[in-house]
Structures are given as C-alpha cells and as structure tokens.
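> Coordinates for the following, if possible.
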Amino acid sequence: MHMNEIVMLNKASLSSAVEILCQRDANLQAVVNEYGLPPLWAREPGFPTLIHIILEQQVSLASAKACFDKLNSALEKLNPESFLGLSDDALLGVGFSRQKTRYSRIVAQAILDQSLKLAEMASLSGDEVFSQLTALTGIGPWTANIYLLMALGRSDIWPAGDLALEVGLQNLLGLDHRPRGEEFQELAEGWRPHRAVAARILWHYYLSQ
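Down below sits the predicted model:
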C-alpha cells in the first residue's frame, strides 16, 4: 500500500467524521452536543510512544504517565540504545514492573536489530502494522491498536479490551454489563469506516463524566 492511499486523521478529517457519525447515531450526537468535539489525542510515532502505551497496559493513564515522565527524566534522550543502557533496578525505580521491563527491552532490541522498523509503518496497511507489532512478546492486540489509532492516526481502528470504551458504551447505552468480545465489536459495526473517531467520542464522554 502506498503512502497516498493511507489517510491520517487530522483536526479537519476528525471534525467531518464526527459530523457523519452524529448524523448516523443519536447517542454519539448526544455526547457531542453535551461535551463538544473530542480531542485528536495524536501522539508522535516512534519508540517513546510505544513504550508509553506498554506502560498504559492495565493501569491508569495517570500512573503510566508518571512512570513515563520519570523515565524521560532519567535519560537525556529516550531511544532504544539509552533505554537498554538502564539496569532492571533503575527501571523498577521509575515504576516499571518486571514484566513491562522485559516487554520494553524486547521492543528496544527489535528496533536496534531492525526486525521492527517503526519508521516504515506509516506506509503500511493497518493489518501489516498490527501483525508486525503483535509478533513481539508483550505487544498484544490492544497495544497494537492504540499505536495504530493514536500514533499512526488510522481512522477505522476499534481497540477491543479497552476498559474506558467498554464503560463508556455501557453508560451511553444504559447496559447492565460492560460489553466485551463479540458484543463490543458488533456495537461498533455501524460506525465503520470511522470507528477510531467513535472511540475518541466515547473516550471524551468517559473522561468528562
């Protein structure tokens, strides 16, 4: 797939996709009416962002950010070489678990030995990016999808297993349970090809509660 076939979300395309979704779905329209347009929440593609997303696995955004900020303070520049130069004890000291230390070292090493080429991912299809990322131990579907959605700005990513989206959907639709698995996927089918924009609307809703 060539670069010109992949459209990255920006503020203008986000705004027009929100408009399309609101015409299609009264629930999303109600959220936008009350809370306004969701932020783009774009992140810089590359190693630091991937480490930040690994830190966000199964913890609050605030605690992940605190750990990520301490990591940046401990290094002059956060890159695979400098990261691998930190001892396990140093990483534990800034808040990494042993598991996330291992996962992050695997990512750093894969970039150094060029088995993972993050810089080339902007020109790859979503499926290609997903399979390359999830081939690494410690990067599951959620992490790969959040990277696609936030760092690569893909417009139709729907990250299964995202707690905030599950809770947001439950509250918005008045469900008596958090939708997961197949139900989670099916609830978003009508939002194609703008599911990443629907996700931003729901995150905005969840964070505004």
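
> from here on, contacts and neighbour counts on C-alpha atoms
Fine.

> number of nearby residues for Gln23?
If you count neighbours by other C-alpha atoms under 10 Å, Gln23 ends up with 11.

> helix or strand for it, which one?
Gln23 belongs to helix 11-24 when assigned by DSSP states H and E.

> Remind me what that helix packs against, helices and strands.
Packing partners of helix 11-24 (3 or more C-alpha pairs under 8 Å, 6 or more residues apart in numbering; DSSP states H and E): helix 26-35, helix 195-208.

> List the buried residues in that helix.
14-15, 17-18, 21-22 (16 or more other C-alpha atoms under 10 Å).

> any chance of those residues in CSV, with distance to Gln57 and pLDDT too?
Below are the buried residues of helix 11-24 laid out as CSV (distance: C-alpha to C-alpha, whole Å; pLDDT from 0 to 100):
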residue, distance to Gln57, pLDDT
Leu14, 26, 97
Ser15, 28, 97
Ala17, 28, 98
Val18, 27, 98
Leu21, 28, 98
Cys22, 30, 98
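
> Let me know the closest of the residues you listed to Gly138.
Leu14 (30.3 Å; C-alpha to C-alpha).

> Quick one: residues contacting that closest one.
Applying C-alpha atoms under 8 Å, 6 or more residues apart in numbering to Leu14 gives the contacts 40, 197.

> just the helices and strands packed on helix 11-24: most buried one?
Among the helices and strands packed on helix 11-24, helix 195-208 has the highest mean neighbour count (mean count of other C-alpha atoms under 10 Å), at a mean of 22.

> what angle sits between that one and helix 26-35?
Relative orientation of helix 195-208 versus helix 26-35 (axes from the mean of the first three to the mean of the last three C-alpha atoms, to 10 degrees): 50 degrees.

> Tell me the helices and strands packed up against helix 195-208.
By 3+ C-alpha pairs under 8 Å, 6+ apart, helix 195-208 packs against helix 11-24, helix 26-35, helix 163-173.

> Can you check which of those gets nearest to Ala74?
Here helix 163-173 is closest among the helices and strands packed on helix 195-208 (C-alpha to C-alpha), at 30.2 Å.

> Pull the residues that contact that closest one.
Under C-alpha under 8 Å, 6+ apart, the answer for helix 163-173 is 27, 175-180, 184, 199, 202-203, 205-206.

> same deal with stretch 83-94?
67, 70-71, 75, 97-98, 101, 105, 108-109.

> how about a cut-off of 6 Å?
With contact meaning C-alpha atoms under 6 Å, 6 or more residues apart in numbering, stretch 83-94 is reached by 67, 70.

> Ok, stretch 36-53 next?
With C-alpha under 6 Å, 6+ apart, stretch 36-53 has contacts from 118, 150-151, 200-201, 204.

> Between the contacts of helix 163-173, which sits nearest Phe130?
Among the contacts of helix 163-173, and counting by C-alpha to C-alpha, the member closest to Phe130 is Ala199, at 17.9 Å.

> how close does the closest one sit to Gln29?
Remark: distance between Ala199 and Gln29 (C-alpha to C-alpha, to the nearest Å) = 13 Å.

> rewinding a little: rebuild the helices and strands packed on helix 11-24 as TSV, extending it with distance to Glu128.
Formatted as TSV, those follow (distance: least, C-alpha to C-alpha, whole Å):
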stretch	distance to Glu128
helix 26-35	30
helix 195-208	18
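
> Among those helices, which comes closest to Leu61?
Per C-alpha to C-alpha, nearest to Leu61 of the helices and strands packed on helix 11-24: helix 195-208, 11.1 Å.
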